[in-house]
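> below are the sequence and a predicted model; questions follow.
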Amino acid sequence: MRRVLQTGLFALSLLATPPTRAQESVALQETKSQESIFSGTVTACSAESVTVVRRILGYPTVTRSFRLTDDTKVEGQLRSNVRVTIRYRAFGNGDFAALRIIVR
């Protein structure tokens with residue numbers, strides 16, 4: 001009887017354990033997958049947003065506008081007609097928020 005009780009308590013303790021590192025790393029990968037990188041030339045720049053166009057021979061031209069937040073880090077002087085690489089977070093409504101902008 002005592003052995004059955006110990007086994008039952010052990011089984012309950014396994015059910016109440018916190019998530020493992022593997023589960024935590026999957027959750028971390030899901031949040032990182034929302035972050036992407038976009039490179040191109042700045043066509044418009046303001047205090048609230050920056051618009052970048054990417055032109056690659058043989059592919060359609062892609063234009064994206066990125067929201068600038070208080071957390072956005074800019075390396076270099078941001079102005080029109082400069083090449084930039086932007087790390088950004090995409091939202092479900094089609095909005096993009098720039099996390100880091102590197103002027104090249």
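Nice, I can see it.
> touching, R104 and L78? I think so.
No: between R104 and L78 there is no contact under CB atoms under 8 Å: 11.5 Å. Just so you know, the C-beta spots here come from the backbone N, C-alpha and C atoms, and that holds for glycine as well.
> ok, the residue nearest to I37 when sequence neighbours are not counted - contacts?
In space, and not counting its chain neighbours, I37 is closest to R87: 5.4 Å by CB to CB, 6 or more residues apart in numbering. Residues near R87 by CB atoms under 8 Å, 6 or more residues apart in numbering: E35, S36, I37, A98, L99, R100.
> buried ones from the residues you listed, can you make that a PyMOL selection?
Those of the contacts of R87 that count as buried under 16 or more other CB atoms under 10 Å are selected in PyMOL with:
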select buried, resi 98+99
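> closest one of the contacts of R87 to R54?
I37 (11.1 Å; CB to CB).
> now whichever strand or helix holds that closest one: buried residues?
I37 is located in strand 35-45, with elements delineated by DSSP states H and E. Residues of strand 35-45 classed as buried: F38, G40, V42, C45 (neighbour count, 16+ other CB under 10 Å).
> just the mean pLDDT for stretch 74-91, thanks.
Averaged across stretch 74-91, the pLDDT comes to 95.
> just stretch 50-61 next, same as before
According to the model, stretch 50-61 has a mean pLDDT of 96.
> now the end-to-end length of it.
17 Å (CA to CA, to the nearest Å).
> okay, buried residues for that stretch please.
V50, T51, V52.
> got these as TSV, with secondary structure columns?
Shown next, in TSV, are these (DSSP: H, G, I helix; E, B strand; the rest coil):
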residue	secondary structure
V50	strand
T51	strand
V52	strand
